[in-house]
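J.: Sequence and computational prediction follow.
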There are 2 protein chains.
Amino acid sequence: MIGNTKIDKTDRKILKILQANGKITNAKLSEEIGLSPAPTLERVKKLENSGIIKSYHAELDSAMLGLGVNTFVQVSLKGHNKPNIETFLSRISDIEEIIECHHITGSGDFILRIVAKDIASYQQLMLEKVSDIDIVDSLQSMVILSTFKNSKEVPVPADN
Amino acid sequence: MIGNTKIDKTDRKILKILQANGKITNAKLSEEIGLSPAPTLERVKKLENSGIIKSYHAELDSAMLGLGVNTFVQVSLKGHNKPNIETFLSRISDIEEIIECHHITGSGDFILRIVAKDIASYQQLMLEKVSDIDIVDSLQSMVILSTFKNSKEVPVPADN
DNA sequence: AGCATTTGCAAAATATTCTTCGGTTCAAAA
DNA sequence: TTTTGAACCGAAGAATATTTTGCAAATGCT
């Protein structure tokens, strides 16, 4: 067996807190869940080793970094076969402005999440690096005007 | 003046590293950027106080939590006026399964990111809590089949 | 039930890390 | 040249993380 994964109420509390604040000290975390530091740390380590906690990240303010354009793009490929898909993925995997790529059901084949400095550099990126891929059939951009919710916290359901 | 914000090459290194690993110790971070711990911490604090670093989060494995369904939903409202938009936002703001909501250009008015345990609970959520909002005109769900890229790291451009 | 085993926890000791405080260098401006 | 300020370093003290030990309750087995 690789890893046992029983999540109890205390673990769920921990997960909720660490999603909201990944940099909380173990001491404060233990206070909030009503345990002493030692077993608290033990639980966190177990959650990390089991893979339930995948990683920790700093979230930046993209506007302050000069990344003013934020979009979703629906991509359709000319053929939906495996080699085409793999070609597409390998072409976009190195483009750091493309921060998400999901294979989806529905009208398009993929949906991308892209950030860019401005419309000009966004256009350049799309023309030179995405439209350029010859198996790309159609692109539909959705520019984000404003974001009302952007939670880094996923609900943690009771597993029953 | 609120906060001065000059980002140099070292700051960009720090931002890149903290995006990838929000829990790195200040000691290791200082090693990686070639500085001693003291000025490293000073820079991190400055980036936090300026708002460039907004927060830190643990990233969880949603599949391991039993959240097997992951979707994007395009939402069109019946009227695009301000009261309608505000009504819509207030209705969805409390739904924790809706983890993102963006106002967008294009065919729809909003795009949502939703997580659910399974198709049944997803359907229930959509029917009872989203379709139910009477100013919602149309919904188009895109179910994520697989995710090829899900970077928590935004490119940090040189500001020139 | 009775015994052994496991699990979860707390307290204390140790190790690591953070954080602050002078002191130094360096470059730009007066 | 002198001054000023910014950025850095090293060391010391404070806070934190981590390990170890031992206890108690729950669990499993005969």
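T.: Cool, got the structure.
J.: these two touch, right, A:S50 and B:L65?
T.: No - counting by Cβ atoms under 8 Å, A:S50 stays clear of B:L65, with 11.1 Å between them. Using the backbone N, CA and C atoms, a C-beta is placed for each residue, glycine as well.
J.: Comparing those two, which residue is more hemmed in?
T.: A count of neighbours by other Cβ atoms under 10 Å in any protein chain shown puts B:L65 above the other of A:S50 and B:L65, at 20 against 17.
J.: Ignoring the adjacent residues along the chain, who's closest to that one?
T.: A:V156 (5.8 Å; Cβ to Cβ, 6 or more residues apart in numbering or on different chains).
J.: Measure how buried that neighbour is and give me the count.
T.: A:V156, neighbours per other Cβ under 10 Å, totals 21.
J.: Which positions within the top helix by length along chain A qualify as buried?
T.: Longest helix in chain A, counting residues (DSSP state H): helix A:37-50. Applying a neighbour-count criterion of 16 or more other Cβ atoms under 10 Å in any protein chain shown, one finds A:40, A:43-44, A:46-48, A:50 buried in helix A:37-50.
J.: how about CSV for those residues, with distance to A:E128 and pLDDT added?
T.: Below are those laid out as CSV (distance: Cβ to Cβ, whole Å; pLDDT from 0 to 100):
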residue, distance to A:E128, pLDDT
A:T40, 50, 96
A:R43, 49, 96
A:V44, 44, 96
A:K46, 47, 94
A:L47, 43, 95
A:E48, 40, 95
A:S50, 43, 93
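J.: among these, which are in reach of chain B?
T.: The subset of the buried residues of helix A:37-50 within reach of chain B, by Cβ under 8 Å from any Cβ of the partner chain, is A:S50.
J.: continuing past the longest helix of chain A, what's the next helix or strand?
T.: strand A:53-60 (DSSP states H and E).
J.: For burial, what's the neighbour tally of A:A158?
T.: So A:A158, with other Cβ under 10 Å, has 9 neighbours.
J.: Distance of it relative to DNA strand D?
T.: As judged by Cβ to the nearest atom of the strand, to the nearest Å, A:A158 and DNA strand D stand 17 Å apart.
J.: which SSE is that residue in?
T.: Applying DSSP H and E, one finds A:A158 in no helix or strand.
J.: For it, which non-adjacent residue is spatially closest?
T.: A:A158 sits nearest to A:R12 (Cβ to Cβ, 6+ apart), 7.3 Å away.
J.: Restricting to C-alpha, output stretch A:50-62 in CSV.
T.: Presented in CSV, the C-alpha positions along stretch A:50-62 are these (Å, rounded to 0.1, in the frame of the first residue of the first chain):
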residue,chain,number,x,y,z
SER,A,50,0.0,11.7,1.0
GLY,A,51,-0.2,14.3,-1.8
ILE,A,52,-3.4,15.9,-0.6
ILE,A,53,-1.4,19.1,0.0
LYS,A,54,0.4,19.4,-3.3
SER,A,55,2.4,22.5,-2.9
TYR,A,56,2.6,26.1,-1.5
HIS,A,57,2.6,29.2,-3.6
ALA,A,58,2.8,32.9,-3.2
GLU,A,59,0.1,34.7,-5.1
LEU,A,60,1.1,37.9,-6.8
ASP,A,61,-0.8,41.0,-7.9
SER,A,62,-0.5,40.6,-11.7
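J.: Quick check: the residue of chain A nearest DNA strand D.
T.: Taking Cβ to the nearest atom of the strand as the measure, the point where chain A comes nearest DNA strand D is A:T25, at 3.1 Å.
J.: and the gap between that residue and B:K23?
T.: 11 Å (Cβ to Cβ, to the nearest Å).
J.: got it, and A:R43?
T.: From A:R43 to B:K23 the distance is 16 Å (Cβ to Cβ).
J.: and what of A:Y56?
T.: Counting by Cβ to Cβ - A:Y56 and B:K23 are separated by 4 Å.
J.: Show me whatever sits in contact with both of these two.
T.: A:22-23, B:56 (Cβ atoms under 8 Å, 6 or more residues apart in numbering or on different chains).
J.: Would you mind listing what in chain A touches DNA strand D?
T.: Contact residues (Cβ under 7 Å from any atom of the strand) of chain A with DNA strand D: A:25-27, A:37-38, A:41-42.
J.: between those, which is nearest DNA strand C?
T.: Distances from DNA strand C to these, taken by Cβ to the nearest atom of the strand, are shortest for A:A38, at 3.3 Å.
J.: Output the below-cut-off pLDDT ranges for chain A.
T.: For chain A, the stretches flagged by pLDDT under 70 are A:1-4, A:107-108, A:160.
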